[in-house]
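Enquirer: mind looking at a prediction? Sequence and model below.
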Amino acid sequence: MDMRVHNLAVRFIENLGIFLTDEQLAEAAARNKADPNVGMYGICHSHDFCDANQAMIDAVGSEFENSDEQNKLIAAAWEQARQWEFKIPCEKAPCKKCGESVDIEEMDYREWCEMCVYLEMCHPSTT
């Protein structure tokens, strides 16, 4: 997977987590799974609960521009976030403080403590 898509999907999920409760994120994911039109015509049930476009614009940040390349990146990241059901997946990595191997298997990022490797795994440019 393109790391730009991965990183943008992660930032988008983080931003949705600011706008939505855990229950709303879970409901949006459930509605997406049940709706055969999701992904077509820009349909995503995160819009049922907030201005999800603003969450994506904020995820893109100051580099936002209306170009074909960026629109393709945004579409791919949005699709990745939907496939992840608005949860950030990671597997296993060392703790940032003690180095002990931590098993992180598709945990909701809001459950992780400061000791996990979230930044190192999902945002390598920020560590």
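Expert: Thanks, I have the structure now.

Enquirer: kindly report the domain assignment for the protein.
Expert: Following automatic domain parsing, one gets these domains for the chain: 3-83, 92-126.

Enquirer: hey, least reliable of those by pLDDT?
Expert: Mean pLDDT values for the domains of the chain show the minimum at domain 92-126, a mean of 46.

Enquirer: what about the nearest residue to residue 45 once chain neighbours are set aside, neighbour count?
Expert: In space, and not counting its chain neighbours, residue 45 is closest to residue 31: 3.7 Å by C-beta to C-beta, 6 or more residues apart in numbering. All C-beta spots, glycine's among them, are computed from the backbone N, C-alpha and C. Neighbours of residue 31 under the rule other C-beta atoms under 10 Å: 16.

Enquirer: tell me the buried residues in stretch 54-61?
Expert: Buried residues in stretch 54-61, counted by 16 or more other C-beta atoms under 10 Å: 55, 56, 59, 60.
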